[in-house]
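Engineer: Fold the following and give me the result.
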Amino acid sequence: MDYTKTAAESHATDIRKFNKEKEEKDKEKKLKKLQEMANGKDGKQEKQEKAQKEKQLLYNLPKEIAKLLKKEKGENKMTKAEKTYPKLSNGVLTPAYGRDYKLKADLIKDFRSGKDFKINFHTGSTYCSIRDGVIGEMVKLRYDKTTKALFYTITAQDFIK
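Structural biologist: This next block holds a predicted model:
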């Protein structure tokens, strides 16, 4: 046996192997297409079905959006607790139980410590404290016989003791 091959011979062998593999792959593709056609699935038919599904989805999209909006509106209804304890930023806070402050520092100190204040709305009033607020909420505080006003933003530090 002669184990010495020329470069041209080995190159020719590689090309033959490559061509054989390519032919086998082409045969497999053709066979697969024939099977799909036998089953009634043609490439064009699949594209048409896909396009039809997309049209149906686009047709139903406004209906789906309307459903989502209805659900969202239902979730945004005010709960009983929200009606009873409204947001602090919607009203004006004044010291409760006859208290009054001459200095702004005293007012802030008591508000941060959790003392009660009266929150006044155009419809009425109720009692509240900083514990009813939310971080980032801005409240309006009145002091010195309600002649002076202060805007205070509630921070996370207000809840740490």
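
Engineer: what does the domain assignment say about this protein?
Structural biologist: The chain breaks down by automatic domain parsing into domains covering 10-74, 81-159.

Engineer: Just name the most buried of those.
Structural biologist: Highest mean neighbour count of these: domain 81-159, a mean of 15 (counted as mean count of other CB atoms under 10 Å). For glycine as for every other residue, the C-beta is placed from the backbone atoms N, C-alpha and C.

Engineer: ok, back up a step: select from the domains of the chain the stretch with the lowest mean pLDDT.
Structural biologist: When these are compared by mean pLDDT, domain 10-74 comes last with a mean of 73.

Engineer: which stretches of this structure form helices?
Structural biologist: Along the chain, counting by DSSP state H, helices occupy 7-38, 43-75, 80-84, 104-113.

Engineer: Need the contact partners of the last one.
Structural biologist: Here helix 104-113 makes contact (CB atoms under 8 Å, 6 or more residues apart in numbering) with 93, 95, 99, 101, 117, 129-130, 141, 143, 148, 150, 152, 158.

Engineer: what about 6 Å?
Structural biologist: 101, 130, 141, 143, 150, 158 (CB atoms under 6 Å, 6 or more residues apart in numbering).

Engineer: So which of those sit within strands?
Structural biologist: By the criterion of DSSP state E, membership of the contacts of helix 104-113 in strands covers 141, 143, 150.

Engineer: want to try a markdown table for these, with distance to Met37 as columns?
Structural biologist: As requested, the ones in strands among the contacts of helix 104-113 are exported to a markdown table (distance: CB to CB, whole Å):
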| residue | distance to Met37 |
| --- | --- |
| Leu141 | 80 |
| Tyr143 | 86 |
| Leu150 | 81 |
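
Engineer: Okay then, goodbye and thanks.
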